[in-house]
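Novice: only geometry, no sequence info:
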């Protein structure tokens, strides 16, 4: 990245993370999150991945949260929608990076680059939310299966 990119990206990441945190429980605390990005094609991909890993790191540190944040990016190339578009896939007309709190069903932030009609932006947002909802349900189902297996294995002992 260039030297001018980290400051605005940091501000965007902060604005996407704040709705997930229970800051009222830590009134005189400061929270620093540092991300080391080794390689990236696009800034929206960095933002969405950064939101996801920062949220997981904060939860792992035991800091109170309302929900985990998940980031996703969709690009529009002509009439095609590309999930996490890369520079190698060609020029993308519009990119929408969305921060979501799936457990609460809330959007924590939106970053749109390019031009798009309002109806198309709403359609892309719905596409992202549906995908995240399905993925969250699959993760929850897998977690429940692991709990059942652990309970069953403990019962055998």
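Specialist: On my side now, so go ahead. As the structure is a prediction and not an experimental result, all values here were calculated from the model. Numbers count the residues shown, from 1 in each chain.
Novice: Low-confidence ranges, the chain, go.
Specialist: Applying pLDDT under 70 to the chain picks out residues 1-5, 87-90, 136-144, 146, 150, 152-157.
Novice: burial count for residue 28?
Specialist: When neighbours are counted by other C-beta atoms under 10 Å, residue 28 registers 4. Quick note: C-beta positions are derived from backbone N, CA and C, even for glycine.
Novice: Phi first, then psi, for it.
Specialist: Dihedral angles phi and psi of residue 28 (degrees, to the nearest 10) take the values phi -110, psi 30.
Novice: What distance do you get for it to residue 62?
Specialist: Distance, residue 28 to residue 62, by C-beta to C-beta, to the nearest Å: 17 Å.
Novice: same deal with residue 41?
Specialist: Counting by C-beta to C-beta, the gap from residue 41 to residue 62 is 33 Å.
Novice: same question, residue 92
Specialist: Residue 92 is 38 Å from residue 62, by C-beta to C-beta.
Novice: More neighbours: which of the two?
Specialist: residue 92 (21 against 7).
Novice: Give me the most central residue, this structure.
Specialist: residue 71 (1.4 Å; C-alpha atoms, centre = their mean).
Novice: Mind telling me what element that residue is part of?
Specialist: Following DSSP states H and E, the helix or strand that holds residue 71 is strand 70-77.
Novice: Okay, now the sheet partners of that strand, with direction.
Specialist: According to DSSP bridges, strand 70-77 forms sheet pairs with strand 80-83 (antiparallel), strand 94-101 (antiparallel).
Novice: Tell me which residues are up against the first one.
Specialist: With contact meaning C-beta atoms under 8 Å, 6 or more residues apart in numbering, strand 80-83 is reached by 72-76, 89, 92, 124, 127, 131.
Novice: Likewise for the last one?
Specialist: Contact with strand 94-101 is made by 16-17, 19-20, 42, 44-45, 47-48, 51, 66-76, 85, 106-116, 120-121, 124-125, 128-129, 132, as judged by C-beta under 8 Å, 6+ apart.
Novice: one more time with 7 Å
Specialist: Outside of strand 94-101, the residues within contact range by C-beta atoms under 7 Å, 6 or more residues apart in numbering are 16, 19-20, 42, 44, 47-48, 51, 66-67, 69-76, 85, 107-116, 121, 124-125, 128-129, 132.
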